[in-house]
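K.L.:
no sequence for this one, just the structure:
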């Protein structure tokens, strides 16, 4: 019987972890891209502001020259005063542009510095002499004025080209970042989608395998599962707890099998080990005991023969079985039983609970004779058979329930056989919690109150 | 001066005819001089080499070259003698400019031949 492999579970977890990691990277990448784009937009804004300020600077420079010409032509002090105002405005605007560029555009900064130097030199070598001697016009001063004009115009044009080029570059960079962000998002969505498809396909395959496994388990459980057949004048109840998580099979088995009209085989056994491996042997035990009982229904003979068969057929020295086999006469309610090392068999008569004695050793260890005992059940009496999962369940302090504790539970339990079995199983779950490590089988057979035993 | 002008005319005449084909103005064309910079006056040079050197030199070197130039008023008329396309290159130019040889036909320097920048020359439209 194949179970969900650890590798399959690990694979799912790894895929999930990868998806979460990928999602984390994508989100972080988006934030980084957003920050880059915001920074680019900010720089574009600075360049646009610098371009506006540059045009204003050129206007102020032309103002200076035109106001100087006006003064030279008219000698009106108005032009002189306006000239000085324009000069101050030019200096202030130049500083603003320097702050806006902030040293980030080395080419434009250098050109701006050249431009400012030209303007200063023009003021010192052309404007100042003309202002000092407005009536004197020298050809050389005119040529120098032309020189400054040419260079300043060309330098301003170069600054414009530099700023425009940088603006275009930033615009292209922004577009690339946006494109990359879009492509990256699309790629991540595609990757997630593909991974989701792969994961879903994997999960579907896993579910299919699990369903196949469950189907096999159900088939096998029908063979291995303990059975209880209704008996005349009796109320039969049973419960089963497997130590292997949710599986209904384990190393314990019980059986109620009608050998004839008024004789029933009662069996409960505990096979060493647990889980699927022990469960396989339960089918062997159940059907072998039935086969033996059909030929010889004496419980002592059944145990003896089964002991031989177990040793020879299984051949595993580590396999042993504790077993209680009883033959119940449903007319007289006489119970003849043999117990091979099985000390969890009880009879409740009203509120009094007695433990049935062991009549021989566990099976599969040595070839020793087994004994048998006979008791008679009265109406209202209950035969309670369990495996050591009842008496050996530990509480939080590590204390076992023990036989005495089991008898107390049985004494307090409900009268109905099924209710009794369920209450005992629930008590084991409560006491043991997550510490339950052993299988538990419970079989309760109660003689109905109205039954009349025949002599 | 006359020998220089004659030599200039001979050299330019023997120059490649195809050189004129890419210029904005053509030999014999009547033109008006004015500059597109803030000062519309036009600087004219005694050689095309100095014209090119002036525009490619640093500001300080350009200042020292001014004695080899004359300054004419905007609107001065002239006639194109020759043109060399893309002859003048400057780090401040977006693209190379032409070198145009012009004979002045108005103003105090009427009759002289000088070199000017192609962007300072405009075809004259007769009414």
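P.N.:
Sure thing, it's come through. Bear in mind the structure is a predicted one, so any value in this text is a computation, not a measurement. Numbers count the residues shown, from 1 in each chain, chains lettered A, B, ... in the order given.

K.L.:
what's the spacing between the closest residue to residue A:451 other than its chain neighbours and residue B:4?
P.N.:
Computed as C-beta to C-beta, 6 or more residues apart in numbering or on different chains, the closest residue to residue A:451 that is not its neighbour in sequence is residue A:233, at 3.9 Å. The C-beta positions use only the backbone N, C-alpha and C, and glycine is treated the same way. Using C-beta to C-beta, to the nearest Å, residue A:233 is found at 149 Å from residue B:4.

K.L.:
Can you pick out the residue with more neighbours from those two?
P.N.:
residue A:233 (17 against 11; other C-beta atoms under 10 Å in any protein chain shown).

K.L.:
residues contacting that one?
P.N.:
By C-beta atoms under 8 Å, 6 or more residues apart in numbering or on different chains, the contact set of residue A:233 is A:330, A:333, A:447-448, A:451.

K.L.:
if we go to 6 Å?
P.N.:
Residue A:233 makes contacts with A:330, A:448, A:451, as judged by C-beta atoms under 6 Å, 6 or more residues apart in numbering or on different chains.

K.L.:
Equivalent analysis for residue A:349, please.
P.N.:
Contacts of residue A:349 (C-beta under 6 Å, 6+ apart): residue A:381.

K.L.:
And the one 4 residues further on, by the same measure?
P.N.:
By C-beta under 6 Å, 6+ apart, the residues touching residue A:353 are A:346, A:407, A:410-411.

K.L.:
still on that earlier bit, is it possible to export the contacts of residue A:233 to a markdown table including pLDDT?
P.N.:
Shown next, in a markdown table, are these (pLDDT from 0 to 100):
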| residue | pLDDT |
| --- | --- |
| A:330 | 91 |
| A:448 | 92 |
| A:451 | 78 |
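
K.L.:
Between those, identify the one with the most neighbours.
P.N.:
Of the contacts of residue A:233, with other C-beta under 10 Å as the count, residue A:330 tops at 21 neighbours.

K.L.:
Regarding that one, what are the backbone dihedral angles?
P.N.:
phi -80, psi 0 (degrees, to the nearest 10).

K.L.:
I'd like the distance between it and chain B.
P.N.:
For residue A:330, the distance to chain B (C-beta to the nearest C-beta, to the nearest Å) stands at 118 Å.

K.L.:
coming back round to it: nearest to residue B:102, of the contacts of residue A:233?
P.N.:
residue A:448 (138.1 Å; C-beta to C-beta).

K.L.:
what residues are up against that closest one?
P.N.:
A:233, A:235.

K.L.:
Chain B: helices as residue ranges?
P.N.:
Applying DSSP state H to chain B gives helices spanning B:2-14, B:17-21, B:48-56, B:59-65.

K.L.:
Show me the two of the contacts of residue A:353 that sit farthest apart.
P.N.:
A:346 and A:411 (9.5 Å).

K.L.:
So if I had to pick from those two, which one is more boxed in?
P.N.:
Looking at residue A:346 and residue A:411 with other C-beta under 10 Å, you find the greater number of neighbours at residue A:346, namely 22 against 13.

K.L.:
Please look at the more buried one and residue A:383 and confirm they touch.
P.N.:
No: using C-beta atoms under 6 Å, residue A:346 is not in contact with residue A:383, being 7.7 Å away.

K.L.:
got the residue ranges for the strands in chain B?
P.N.:
Secondary structure of chain B by DSSP state E: the strands cover B:30-33, B:42-45, B:69-72, B:76-88, B:97-104, B:113-117, B:121-123.

K.L.:
Indicate which one of the ones you listed is closest to residue A:209.
P.N.:
Across the strands of chain B, closest to residue A:209 is strand B:76-88 (C-beta to C-beta), at 79.9 Å.

K.L.:
now the angle between helix B:48-56 and that closest one, please.
P.N.:
On the basis of axes from the mean of the first three to the mean of the last three C-alpha atoms, to 10 degrees, strand B:76-88 is oriented at 70 degrees to helix B:48-56.
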